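Asks: got a sequence here, can you build the structure:
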Amino acid sequence: MPCEKLFARLNIKIAVDQHYNFYLCQDQSYRMEAIMNRRDIVLHYFDENREFMDFYIKAQIEKNRKGNLNITVKDKDGKPVRDAKIVIKQKTHEFKYGANIFMLDEFESDEKNQIYREEFPKCFNLATVPFYWDEFEPEQGKPRFAADSEKIYRRPPSDLCVNYCLEKGIEPKCHCLNYDNFLPSWLKDADVDTHKRMLDKRFRELAERYRDVIPSWEVTNETLNHPTRYQSRFYKEDDFVEWSFRTADKYFPTNRLIINDYQLFESAYRENRSQYYMQVERLLNNGITHLDFIGIQFHSFFPKEMEKTVAQTRYNPLYLYEVLDKYAQLGKKIQITEMTIPAFSDSEEDEYVQAELIKNVYTLFFSHPAMEAIIYWNVVDGYAAFAPLGDMSAGENTYHGGIRRFDLTEKPASKVIKELFSKVWHTETDSVTDPDGKARLHGFYGEYTMEIYYDGRVKTLDAVISSKRNNVMEVQI
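Replies: Numbering: from 1, shown residues only. Okay, here's the model as predicted:
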């Protein structure tokens, strides 16, 4: 039966409508599927598992991201103070949430540069600093440390980035010590011994300059990529990753070391038989004990037409939690090191879908006990990799994956991230001391301002609720 007659028989008006998709089933019978708008397609599994999100995930956040602060208030004679009111207000998060800072002072106008400088700290407390070797040291022996180094697009000099982070109270993070995809031209034909010697020198120089101010260092990145993307003879050696971590341990003995890779949430995931899982397991079995974080990328780089299929895993909370649980069995903390959630266009609907996806994905990742950081990737549309500046038809720009538009106006995605960390996951609470001068306050891990009110006076001081220590304070008032 022609589809027009079938639809007429079902009293269905045929119209060109973005909410409907008509297709021919495998049994050759006609069928109409009322494919919902994009929001309902990509968020289907979050909606379907709303009880899991609203109860289990929220409970995990309460369990894993909060702690108690036990306070004893005494007077000048050391006697307990009863009925003192204690008020705490959160200032910062212990949990790290960031983005790459590749566009620091890289925009085409001073106005955009200033907006970026002002807005970045309002949204993030961590910044990924570029140390891609090819553009960090394009001329052998002349690394681009200095803030006034010659400009290279999306590769601001390291001193500029680190100094900005320290000024703004942002934690800088290195990306990456040994990334074979981005070798300087002068090294590409080197033999293995020469390559190792040059890498050793690079590790040492970076350590001498930054190990006291950059806590975390990605040691290797994307070593499971297609082999044609690699450029050195050393990459083909069996000890490529092990050597890198042993050398990093030598120069960064007290820093946090990270391994990083991608495409782990879809076809590459095979429980403990996944390539990446087995790689990390082998490192640990081979005595690489100084490996602190397992870095997992979450770039949703795929055509919009694939969203319905990809959502079955990438935007399925049960599946995502299963993957995190599996990698947590390795006994190491996890970072989402690079995240891109596409809007695919600048339409109002697409931007709100992007924001809602970010809200759900961030909430799930934030809840997991092994998670240490969530790092978004490109902040601004039109300035992504593999594309000319502002060309939205090329490279990673096509995904409209930034949280700000090309003119740096704020997208809903940016507002969501700020709201999560400044309002939803934020503590302002109070308590009153008992007859023994004791009080307990419960809140998200982070730094606080505390005010203690007693007998018409107030004492203001700083406090910390941390997952890494015993949160006990004694205050004299």
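Asks: beyond the helix or strand hosting residue 122, next helix or strand please.
Replies: Following DSSP states H and E, one finds residue 122 within helix 110-123. Once the chain leaves helix 110-123, the next helix or strand it forms, by DSSP H and E, is strand 126-130.
Asks: dump the C-alpha coordinates for that following strand into PDB.
Replies: Provided in PDB are the C-alpha atoms of strand 126-130 (Å, rounded to 0.1, in the frame of the first residue of the first chain):
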ATOM      1  CA  LEU A 126      41.600  24.000  36.400                       C
ATOM      2  CA  ALA A 127      43.200  24.800  33.000                       C
ATOM      3  CA  THR A 128      44.900  22.400  30.600                       C
ATOM      4  CA  VAL A 129      48.100  24.100  29.300                       C
ATOM      5  CA  PRO A 130      49.500  23.100  25.900                       C
END
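Asks: partner strands of that strand and their direction?
Replies: Partners of strand 126-130 in the sheet, by DSSP bridges, are strand 96-100 (parallel), strand 171-175 (parallel).
Asks: ok, residues contacting the first one?
Replies: The contact list for strand 96-100, computed with Cβ atoms under 8 Å, 6 or more residues apart in numbering, reads 120, 123-128, 130, 170-171, 173, 175, 335, 338, 362, 372-379, 403, 417, 421. Yep, even glycine has a C-beta here, placed from its N, CA and C like the rest.
Asks: can you check the last one too?
Replies: The contact list for strand 171-175, computed with Cβ under 8 Å, 6+ apart, reads 96, 98, 100, 125-132, 161-162, 165-166, 206, 210, 213-218, 221, 260, 337, 375.
Asks: which ChimeraX command selects the buried ones in those?
Replies: Buried subset of the contacts of strand 171-175, written as a ChimeraX selection, criterion 16 or more other Cβ atoms under 10 Å:
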select :96,98,100,125,126,127,128,129,130,131,132,161,162,165,206,210,214,215,216,217,218,221,260,337,375
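Asks: and residue 245, what does it touch?
Replies: So residue 245 contacts 219, 220, 257, 259, 283, 288, 290, 291 (Cβ under 8 Å, 6+ apart).
Asks: ok but the second one is inside a strand, no?
Replies: Yes. Checked against DSSP: H, G, I helix; E, B strand; the rest coil, residue 220 lies within a strand.
Asks: hmm, residue 181 and it touching each other?
Replies: No. In this structure residue 220 lies outside contact range of residue 181 using Cβ atoms under 8 Å: 11.0 Å.
Asks: for the two, indicate the residue with more neighbours.
Replies: Applying other Cβ atoms under 10 Å to residue 220 and residue 181 shows that residue 220 carries more neighbours, namely 25 against 17.
Asks: what's across from the more buried one in the sheet?
Replies: Those that pair with residue 220 in a beta bridge, by DSSP bridges, are residue 178, residue 259.
Asks: residues contacting it?
Replies: Counting by Cβ under 8 Å, 6+ apart, residue 220 makes contact with 176, 177, 178, 179, 240, 241, 244, 245, 259, 260.
Asks: please repeat the previous calculation with a cut-off of 7 Å.
Replies: Going by Cβ atoms under 7 Å, 6 or more residues apart in numbering, residue 220 touches 178, 241, 244, 259.
Asks: doesn't the third one lie inside a helix?
Replies: Yes. When the secondary structure is assigned by three-state DSSP, residue 244 falls within a helix.
Asks: residues contacting the residue nearest to it when sequence neighbours are not counted?
Replies: Residue nearest to residue 244 in three dimensions, not counting chain neighbours: residue 178, with 4.5 Å by Cβ to Cβ, 6 or more residues apart in numbering. Counting by Cβ under 7 Å, 6+ apart, residue 178 touches 199, 219, 220, 244.
Asks: make CSV from those and add distance to residue 230 and pLDDT to it.
Replies: Shown next, in CSV, are these (distance: Cβ to Cβ, whole Å; pLDDT from 0 to 100):
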residue, distance to residue 230, pLDDT
199, 14, 98
219, 16, 98
220, 12, 98
244, 14, 98
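Asks: could those residues go into JSON lines alongside distance to residue 350?
Replies: Rendered in JSON lines, the data for the contacts of residue 178 read as follows (distance: Cβ to Cβ, whole Å):
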{"residue": "199", "distance to residue 350": "43"}
{"residue": "219", "distance to residue 350": "37"}
{"residue": "220", "distance to residue 350": "35"}
{"residue": "244", "distance to residue 350": "40"}
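Asks: got a list of what residue 475 touches?
Replies: So residue 475 contacts 71, 73, 452 (Cβ under 7 Å, 6+ apart).
Asks: same check on residue 352?
Replies: residue 412.
Asks: helix or strand: which one has it?
Replies: Counting by DSSP H and E, residue 352 is part of helix 348-367.
Asks: give me the helices and strands touching the following helix or strand past that helix, please.
Replies: Once helix 348-367 ends, the next helix or strand along the chain (criterion: DSSP H and E) is strand 371-376. Under the contact criterion of 3 or more Cβ pairs under 7 Å, 6 or more residues apart in numbering; DSSP states H and E, strand 371-376 touches strand 96-100, strand 126-130, strand 333-340, helix 348-367.
Asks: return the distance of the longest one from the chain's centre.
Replies: What separates the centre of helix 348-367 from the centre of its chain is 13 Å, taken as Cα atoms, centre = their mean, to the nearest Å.
Asks: what does the second one give?
Replies: Its chain's C-alpha centre and that of strand 126-130 lie 11 Å apart, by Cα atoms, centre = their mean.
Asks: circling back: and the residue nearest to residue 244, how far is that from residue 245?
Replies: 9 Å (Cβ to Cβ, to the nearest Å).
Asks: kindly report the same for residue 176.
Replies: 13 Å.
Asks: distance of residue 389 from residue 175?
Replies: Taking Cβ to Cβ, one finds residue 389 at 21 Å from residue 175.
Asks: out of those two, which sits in the busier spot?
Replies: The residue with more neighbours, out of residue 389 and residue 175, is residue 175; 24 against 14, by other Cβ under 10 Å.
Asks: in the stretch 51-200 of the chain, which spans are helices?
Replies: 58-64, 110-123, 133-136, 158-168, 192-210 (DSSP state H, counting those that start in this stretch).
Asks: ok so, going back, which of the helices and strands packed on strand 371-376 sits closest to residue 394?
Replies: Closest to residue 394 of those is strand 333-340 (Cβ to Cβ; 15.5 Å).
Asks: so this structure: which segments form each domain?
Replies: 3-35, 42-90+427-476, 96-424 (automatic domain parsing).
Asks: highest mean neighbour count out of those?
Replies: domain 96-424 (a mean of 18; mean count of other Cβ atoms under 10 Å).
Asks: and the most centrally placed residue in the chain, bridged to which residues?
Replies: With the centre of the chain defined as its mean C-alpha position, the nearest residue by Cα atoms, centre = their mean is residue 375, 1.6 Å away. When bridges are called by DSSP bridges, residue 375 pairs up with residue 98.
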